[in-house]
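Asker: the following comprises the amino acid sequence and a computationally predicted model.
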Amino acid sequence: MATTATKPVITSAAEGESTPSNELSPAQQRAVERLRDNLNRLYGGATQRLEELANTAFRELFDGDVDEGLSPHKSNSARYQALLAMCGDSLHLDRGLLSRAVRIGALNSHFADRPWTRLPWSIKVELLPLLGADGDLKRLSSGITNASRASATVRSVREWVAANLPTDEKSPTGRPRALSLAATSKMFASGRQLKLVSARRLLVLRLRRLGKSAVDQTRTEIDVTIKSLTQLREELSEE
């Protein structure tokens, strides 16, 4: 005779309650909420030290210069580059944390005594992409206003940021553009080819035959590419 499978249950020893295995009993729910509150308390204490770390790193590495601290080319700073080399070794930080710390420290200095300084560390990290490649503080200010709402959470801020990324970082549909690894490899292959003097000379000759506008456009595209690749190198170093 066939038997009907029954859903396993767990029983709360404290209250003698039976609940489905994928649900929490009232006692378990209260225990999880206590754990949440305790973890939030501990995280709050830890992030106070992270804020101190951020302010110290920014102040010591860039002498309080906000523009330098937010620059995508900050890895050109000899002191910053030297500290990056120590990450994970004599400096017990990873490069990602150091980079975020410097930017947050710079923003703490720029937005002193404004809503930014009262935001939790986790929210500040979510807002950083709004700076974009051009360091747009006005766009970031809009994000700070949104994140300062009483109902804002890490998740809601992340969604707001994704919807308000710089337009040059989105596809026509409004979603961030994806660059395939194959396309990236092809780009790097072209870069290796351009190491050859003969290849560069041939390209220069062809562009000059097309006229000044083609040369000027190519120079502009080269500048944009150099900037993007510099940022890519820095972001790879953050991991």
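Answerer: Received, thanks.
Asker: just checking, what packs against the helix or strand hosting residue 138?
Answerer: Using DSSP states H and E, the element containing residue 138 is helix 137-147. If you count contacts as 3 or more Cβ pairs under 8 Å, 6 or more residues apart in numbering; DSSP states H and E, helix 137-147 packs onto helix 121-127, helix 154-163. C-beta: built from backbone N, CA, C; applies to glycine.
Asker: what lies in contact with the longest one?
Answerer: By Cβ atoms under 8 Å, 6 or more residues apart in numbering, the list of residues contacting helix 154-163 from outside reads 122, 123, 126, 127, 129, 130, 143, 146, 147, 174, 176.
Asker: between helix 137-147 and it, find me the angle.
Answerer: If you take axes from the mean of the first three to the mean of the last three Cα atoms, to 10 degrees, helix 154-163 sits at 150 degrees to helix 137-147.
Asker: please shift the residue numbers so they start at 407 in all later answers.
Answerer: Noted, 407 is the first residue going forward, which turns the last one into helix 560-569.
Asker: next SSE after helix 560-569?
Answerer: Next element after helix 560-569 (DSSP H and E): helix 587-599.
Asker: run the chain-centre distance for that following helix.
Answerer: Offset of helix 587-599 from its chain centre (Cα atoms, centre = their mean, to the nearest Å): 25 Å.
Asker: return it as CSV; C-alpha atoms alone will do.
Answerer: Taking Å, rounded to 0.1, in the frame of the first residue of the first chain, the C-alpha atoms of helix 587-599 are listed here in CSV:
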residue,chain,number,x,y,z
LEU,A,587,36.6,38.7,-23.0
ALA,A,588,37.1,37.9,-26.7
ALA,A,589,36.8,41.5,-27.6
THR,A,590,39.1,42.5,-24.8
SER,A,591,41.7,40.0,-26.0
LYS,A,592,41.5,41.3,-29.5
MET,A,593,42.0,44.8,-28.3
PHE,A,594,45.1,43.7,-26.3
ALA,A,595,46.4,41.9,-29.4
SER,A,596,46.1,45.1,-31.4
GLY,A,597,48.1,46.8,-28.6
ARG,A,598,50.9,44.3,-28.9
GLN,A,599,51.0,44.8,-32.7
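Asker: what sits up against it?
Answerer: With Cβ under 8 Å, 6+ apart as the test, helix 587-599 has contacts from residue 605.
Asker: now do the buried residues in whichever helix or strand comes after it.
Answerer: Next in sequence after helix 587-599, counting helices and strands by DSSP H and E, comes helix 603-616. By 16 or more other Cβ atoms under 10 Å, the buried positions in helix 603-616 come out as residue 613.
Asker: quick one: helix 603-616 to helix 587-599, angle?
Answerer: 100 degrees.
Asker: output the contacting helices and strands for helix 603-616.
Answerer: Packing contacts for helix 603-616, counted by 3+ Cβ pairs under 8 Å, 6+ apart, involve helix 618-643.
Asker: I'd like the distance from the helix it packs on to the chain centre, please.
Answerer: On Cα atoms, centre = their mean, the centre of helix 618-643 falls 21 Å from the chain's centre.
Asker: of the helices and strands packed on helix 543-553, flag the one that's most buried.
Answerer: Neighbour counts (mean count of other Cβ atoms under 10 Å) averaged over each of the helices and strands packed on helix 543-553 peak at helix 527-533, with a mean of 21.
Asker: next, the nearest residue to residue 527 once chain neighbours are set aside: secondary structure please.
Answerer: Of all residues not flanking residue 527 in the chain, residue 453 sits nearest, at 3.8 Å (Cβ to Cβ, 6 or more residues apart in numbering). Here residue 453 takes the helix state, with states given by DSSP: H, G, I helix; E, B strand; the rest coil.
Asker: for residue 530, see how far away residue 453 is.
Answerer: 9 Å (Cβ to Cβ, to the nearest Å).
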